[in-house]
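S.K.: Can you look at this prediction? I've put the sequence above it.
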Amino acid sequence: MVWSDVTTEPIEPGAVLGRVGGASYGAVVLFLGTVRNTNDGRPVSGMEYHGYEAMAQEQLAVIVGEASEIAGGAPVAAVHRLGTLALGEISVAIAVSTPHRASAFEASRHVIEEIKKRLPVWKKEHYVDGRTDWVKGIQPAPETAP
Amino acid sequence: MVWSDVTTEPIEPGAVLGRVGGASYGAVVLFLGTVRNTNDGRPVSGMEYHGYEAMAQEQLAVIVGEASEIAGGAPVAAVHRLGTLALGEISVAIAVSTPHRASAFEASRHVIEEIKKRLPVWKKEHYVDGRTDWVKGIQPAPETAP
Amino acid sequence: MTVRVLFFAAHRELLGTSETTVDLPDGATVGELVQTLRARGAPWDLIPSRPAVAVNRRYADGSHTLGNGDEVAMIPPVAGG
Amino acid sequence: MTVRVLFFAAHRELLGTSETTVDLPDGATVGELVQTLRARGAPWDLIPSRPAVAVNRRYADGSHTLGNGDEVAMIPPVAGG
């Protein structure tokens, strides 16, 4: 079972957690990314997430599929939020359940690292002093031909 | 903030998750260990967790303290269940929140690995065929003098 | 042939638009599309000379050959999570 | 001096008891305590000759010197999580 979504709705961690697990699995890892109140020492008041939504949906589905493969076909669920988020709000949630713990950590890590490398999402930080700035990102690599 | 407990009460993952997080942290990792329906190919019907409870409380507090140190003083919460658990029930829950993701994964992993190496807890598997067996464990190392 | 080009985030702000259409000779590549856009002059020359690009929602390199009706997106460095 | 010795899990089942008390000469070590217990004969000789041991709830090695009233636990290989 794999599930992924890119949404403007608030993320409920319990709902994402509920998409994985079961008696065949001995380990569950839930990762949450949340909006911090500082970045590089500057006080932050909030964060705008922008995305190329249709492509982000497709890319997140591919990333989640890769993670499930890493975990031997185990359930993986991931959701990324778009829109304007307040401090402490969840921007991304990733849940994995596996028979044994090592692959749960590995698959969870894969999803968040690949999101950072290739999900077409951008964020604009709002600072306490009223300024805004696009967060410095990572140049995605072209896909190698299949 | 660190918190740990060894308990016979069912573990609520949301309550453990609620002990970490906040606007200073950008990453949260929740790990759950659950009772699987097979082990080494044998169908399992349930698991009895026994513990040297007073020592387990102290050891878990030490392990959680180490994990918080790994994560630069970030919040870590961990709880281990004792008693008779049904399939799918949570035996251990670990929550960590950190400014950045790498140390959240690292601290979470530290807690579960050290639990397996040195928490004085033992488990007796109940098999579907009615037999029971103590799960093969790990010999803990003596503490080095401080 | 004609392709549709989408802009996001900082690119969108620099250009003041979220999309444009470009006529290209048949067989033109992603690299040639970028050159054609930049040759329009200000503000189009603010597009980097070698941006990351997606064609029909998949990352592609500069040598990728475009087809009529392709959806091409200029992808600024990404910052999800 | 006297120490209290606790048994858990498989040890507890093998010995049919969860604890015992042992009188030892002053300055006796964990290793000597284990030898003394095993010397009681069956079923006490089922205790491994070099078990993991905790003294007052901290892991200690065989050379650890015991004190009067110590709480000593024989720790079978652990299997938490």
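M.R.: Right, received. Where do you want to start? Predicted model only: the values in this text are computed from it and were never measured.

S.K.: In contact with residue 17: list those residues for me.
M.R.: No chain specified, so I'll use chain A. Contact analysis of A:Leu17 by CB atoms under 8 Å, 6 or more residues apart in numbering or on different chains lists A:28, A:30, A:95, B:13, B:30. (Glycine included, C-beta is placed from N, CA and C.)

S.K.: Please refer instead to chain C.
M.R.: C:Phe7.

S.K.: Could you do C:Arg57 as well?
M.R.: Here C:Arg57 is in contact with A:52, A:54-55, A:58-59, C:71, C:73 (CB under 8 Å, 6+ apart).

S.K.: Closest residue of chain C to chain B?
M.R.: C:Gly81 (7.9 Å; CB to the nearest CB).

S.K.: Next to chain A in this structure, residues from chain C, please.
M.R.: Within chain C, the positions near chain A by CB under 8 Å from any CB of the partner chain are C:6, C:8-10, C:52-54, C:57-61, C:64, C:73, C:75-81.

S.K.: Kindly recompute the last result at 6 Å.
M.R.: C:8-10, C:52, C:54, C:57-61, C:73, C:75, C:77-81 (CB under 6 Å from any CB of the partner chain).

S.K.: now the strands for chain A?
M.R.: A:2-7, A:27-34, A:38-39, A:42-51, A:76-81, A:83-86, A:90-98, A:121-127, A:132-134 (DSSP state E).

S.K.: closest one to B:Ala107 among these?
M.R.: strand A:27-34 (12.9 Å; CB to CB).

S.K.: hang on, isn't the residue of chain C closest to chain B packed against A:Ile94?
M.R.: No. Checked against CB atoms under 6 Å, the pair C:Gly81 and A:Ile94 is beyond contact range at 9.8 Å.

S.K.: More neighbours: these two, which one.
M.R.: Counting neighbours by other CB atoms under 10 Å in any protein chain shown for C:Gly81 and for A:Ile94 shows that A:Ile94 has the greater number, 30 against 23.

S.K.: Which residues are in contact with that one?
M.R.: A:31, A:78, A:108, A:111 (CB atoms under 6 Å, 6 or more residues apart in numbering or on different chains).

S.K.: 10 Å - rerun?
M.R.: A:4, A:16, A:20, A:29-33, A:60, A:63-64, A:67, A:76-80, A:107-112, A:115, B:29, C:81 (CB atoms under 10 Å, 6 or more residues apart in numbering or on different chains).

S.K.: Now, of those residues, which are buried?
M.R.: Buried members of the contacts of A:Ile94, scored by 16 or more other CB atoms under 10 Å in any protein chain shown, are A:4, A:16, A:20, A:29-33, A:60, A:63-64, A:67, A:76-80, A:107-112, A:115, B:29, C:81.

S.K.: Contacts only, for residue 1.
M.R.: This is for chain A. Contacts of A:Met1 by CB under 10 Å, 6+ apart are A:19-20, A:22, A:68, A:73-77, A:97.

S.K.: my bad, chain C
M.R.: Counted by CB under 10 Å, 6+ apart, C:Met1 has contacts C:22-28, C:66-70.

S.K.: In JSON lines: the residues you listed, plus distance to D:Pro43 and secondary structure.
M.R.: Formatted as JSON lines, the contacts of C:Met1 follow (distance: CB to CB, whole Å; DSSP: H, G, I helix; E, B strand; the rest coil):
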{"residue": "C:Val22", "distance to D:Pro43": "87", "secondary structure": "strand"}
{"residue": "C:Asp23", "distance to D:Pro43": "92", "secondary structure": "strand"}
{"residue": "C:Leu24", "distance to D:Pro43": "88", "secondary structure": "coil"}
{"residue": "C:Pro25", "distance to D:Pro43": "91", "secondary structure": "coil"}
{"residue": "C:Asp26", "distance to D:Pro43": "89", "secondary structure": "coil"}
{"residue": "C:Gly27", "distance to D:Pro43": "87", "secondary structure": "coil"}
{"residue": "C:Ala28", "distance to D:Pro43": "86", "secondary structure": "coil"}
{"residue": "C:Leu66", "distance to D:Pro43": "82", "secondary structure": "coil"}
{"residue": "C:Gly67", "distance to D:Pro43": "81", "secondary structure": "coil"}
{"residue": "C:Asn68", "distance to D:Pro43": "86", "secondary structure": "coil"}
{"residue": "C:Gly69", "distance to D:Pro43": "83", "secondary structure": "coil"}
{"residue": "C:Asp70", "distance to D:Pro43": "80", "secondary structure": "coil"}
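
S.K.: and the two most separated of the contacts of A:Leu17?
M.R.: Farthest pair in the contacts of A:Leu17 (CB to CB) is A:Ala95 and B:Pro13. Separation: 10.8 Å.

S.K.: In the lengthiest helix in chain C, which residues are buried?
M.R.: Assignment by DSSP state H gives helix C:30-38 as the longest helix of chain C. Buried residues in helix C:30-38, defined by neighbour count with 16+ other CB under 10 Å: C:30, C:32-34, C:36-37.

S.K.: Please apply the same query to stretch A:138-145.
M.R.: A:140, A:142-143.

S.K.: Report the rounded mean pLDDT for the longest helix of chain C.
M.R.: Throughout helix C:30-38, pLDDT has a mean value of 98.

S.K.: tell me which parts of chain C are close to chain B?
M.R.: Applying CB under 10 Å from any CB of the partner chain, we find that chain C lies next to chain B at C:Gly81.

S.K.: what residue ranges in chain C are flagged as low confidence?
M.R.: For chain C, no stretch has pLDDT under 70.

S.K.: do chain A as well
M.R.: In chain A, residues with pLDDT under 70: A:144-146.

S.K.: could you dump the buried residues of stretch A:138-145 to TSV with distance to B:Glu48?
M.R.: Converted to TSV, these look like this (distance: CB to CB, whole Å):
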residue	distance to B:Glu48
A:Pro140	50
A:Pro142	55
A:Glu143	50
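
S.K.: Can you tell me the SS state at whichever residue of chain C sits closest to chain D?
M.R.: Proximity of chain C to chain D (CB to the nearest CB) peaks at C:Gly81, 28.6 Å away. Put simply, C:Gly81 is coil when judged by DSSP: H, G, I helix; E, B strand; the rest coil.

S.K.: you'd agree it is up against A:Arg118?
M.R.: No. Applying CB atoms under 10 Å, one finds C:Gly81 not in contact with A:Arg118, separated by 11.2 Å.

S.K.: Which strand residues bridge the residue most central in space within chain A?
M.R.: For chain A, A:Val92 is the residue whose C-alpha lies nearest the centre (CA atoms, centre = their mean; 3.8 Å). Under DSSP bridges, the beta-bridge partners of A:Val92 are A:Gly33, A:His80.

S.K.: Contacts for the host helix or strand of C:Arg4 next, please.
M.R.: C:Arg4 belongs to strand C:2-6 when assigned by DSSP states H and E. With contact meaning CB under 10 Å, 6+ apart, strand C:2-6 is reached by A:52, A:54-55, A:120, C:12, C:17-24, C:28, C:30, C:33-34, C:36-37, C:47, C:53-55, C:57, C:66-75.

S.K.: ok, and for the helix or strand following that strand, which residues are buried?
M.R.: The element immediately downstream of strand C:2-6 (helix or strand, assigned by DSSP H and E) is helix C:9-15. Residues C:9-12, C:15 are the ones in helix C:9-15 that count as buried (16+ other CB under 10 Å).
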